[in-house]
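Enquirer: Quick one, fold the following:
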Amino acid sequence: MSSLRVPHHDGSEAFAQPGARNLGDTVRLRVLVPDLADGSPGAEHVVLRSVRDGEPELTAATPGGRTEDATWWHVDLLLVNRTTRYRFFISGTDGSYHWLNAEGLHDRDLSDAGDFLVRAEDHPPAWVPDQVAYQIFPDRFAPSAAAAERETPGWAVRQEWSGPVRDNGKHVEDHWFAGDLDGIIERLDHIVELVRPCST
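Expert: Residues are numbered from 1 along each chain as shown. So this is what the prediction gives:
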């Protein structure tokens, strides 16, 4: 006999369809609901409650295959938002009802905070893995000719460009070196040299 005593769902491949997930796709979800002690099915209805654009959406699940002492319920979740929260309402054949979310089984309605999550993924273009990218922090890259005349913001502690860079101490998070976007533009030739393929 199975050790399962309560309905179960998780993010593994057995319970959530694997593969890439994009906006507009549907993801097949499954819930395993154990039989009652007398051997009768444990659920009369299973309903997926998801949150779509901030509003609850209800979708009935259908019973599918069986194990020795439990029934699989299936339902498709449409990915409308980048992150979708969901949980299941389970109406028992014995008159009971429960909510199943990522925190477990509950006999009362819940906030969305403990719901399961599924995310639509961003897939970069095929050429991205072969590229080299540089992330530039303008303040520390280069000041433009006009930067010396720029007024120090009220939140900042101005630092000399040639002075040491400290990573700890008082007000270190407010250090400002006055690098700017114009400083990057003035040194685009240098950036081109960085990304040019090395000769062999």
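
Enquirer: Residues contacting stretch 32-43, please?
Expert: With contact meaning CB atoms under 8 Å, 6 or more residues apart in numbering, stretch 32-43 is reached by 2, 4-9, 15, 46, 63, 67, 69-73, 90-94. Bear in mind the C-beta positions are built from the backbone N, C-alpha and C, glycine included.

Enquirer: can we see that at 7 Å?
Expert: 4-8, 46, 69-73, 90-94 (CB atoms under 7 Å, 6 or more residues apart in numbering).

Enquirer: quick one: which of the residues you listed is nearest to H171?
Expert: H8 (52.2 Å; CB to CB).

Enquirer: What separation do you get for the closest one and A60?
Expert: Distance, H8 to A60, using CB to CB, to the nearest Å: 19 Å.

Enquirer: Who has more neighbours out of these two?
Expert: H8 (17 against 11; other CB atoms under 10 Å).

Enquirer: averaged over its residues, what pLDDT does stretch 40-50 have?
Expert: Looking at stretch 40-50 alone, the average pLDDT works out to 94.

Enquirer: Straight-line length of that stretch, end to end?
Expert: Criterion CA to CA, to the nearest Å; first-to-last residue distance in stretch 40-50 is 28 Å.

Enquirer: cool, and stretch 96-105?
Expert: In stretch 96-105, first residue to last residue: 12 Å (CA to CA).

Enquirer: who touches it?
Expert: Contacts to stretch 96-105, defined as CB under 7 Å, 6+ apart, come from residues 6-7, 9, 31, 87-91, 106-107, 109-110, 114-116.
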